[in-house]
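**Student:** structure for this input, please:
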Amino acid sequence: EKEQVMFPSVPHFLVLGTGCATPSALRGSSGYALLTPSSSTDNDSKQQASQLALTAIIDCGEGTLTNLHRHLPSSLGPLEQQLTHIRFIWISHGHLDHYGGLEDLIVEIHKQVVRRSCQNGRLNQDDNNNNKRQRTSMDDDTMTPVVIAPA
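**Tutor:** Residues are numbered from 1 along each chain as shown. Down below sits the predicted model:
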């Protein structure tokens, strides 16, 4: 399978599924991923590098997590890492084919956030011991996303 070229300086909208509540082998339930530009510092060259990050999910039908595994470009890094960048999940309306995969996605995000928090906690302790710098909670990607859904 050929990797698509993605330009890291512009947002990308990834279609994960456009199907309805009736299962289909060809179309997954509704789900979309928003990839937005973010910057990181290359530790070796100390230069800012632009890259894409998975920052939002719009609708989260059954199979959204599986379709992220299938369709998220490998050039973005492991899905487990990308899940910690998600800042919001928006559910358009209360039909199961638009929120049926929400629990699986939130559980997986939570696992990755906890794992990353534990790793950062060890790093924070090392930083404090070496008096290199103090980290704040906004420095790392350990926030859980906001879910916006109809009442």
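**Student:** what does stretch 84-91 contact?
**Tutor:** Contact partners of stretch 84-91, identified using CB atoms under 8 Å, 6 or more residues apart in numbering, comprise 38, 53-60, 98-99, 102, 105-106, 109, 112-113, 116, 141-143, 145-150. C-beta: built from backbone N, CA, C; applies to glycine.
**Student:** in strands only, show me those.
**Tutor:** Of the positions in these, 38, 53, 54, 55, 56, 57, 58, 59, 60, 146, 147, 148 sit in strands, assigned by DSSP state E.
**Student:** so how many other residues sit close to the second one?
**Tutor:** The local packing of residue 53 (other CB atoms under 10 Å) involves 22 other residues.
**Student:** quick check: it touching residue 35?
**Tutor:** Yes: counting by CB atoms under 8 Å, residue 35 is a contact partner of residue 53 at 6.7 Å.
**Student:** anything in contact with each of the two?
**Tutor:** Counting by CB under 8 Å, 6+ apart, the residues touching both residue 53 and residue 35 are residue 76.
**Student:** report the secondary structure element holding residue 119.
**Tutor:** helix 102-130 (DSSP states H and E).
**Student:** hmm, back to that, which pair in the ones in strands among the contacts of stretch 84-91 spans the largest distance?
**Tutor:** Using CB to CB, the two most remote members of these are 38 and 59, lying 22.6 Å apart.
**Student:** which one's more surrounded, the two?
**Tutor:** Neighbours were counted for residue 38 and for residue 59 using other CB under 10 Å; residue 59 has more, 24 against 15.
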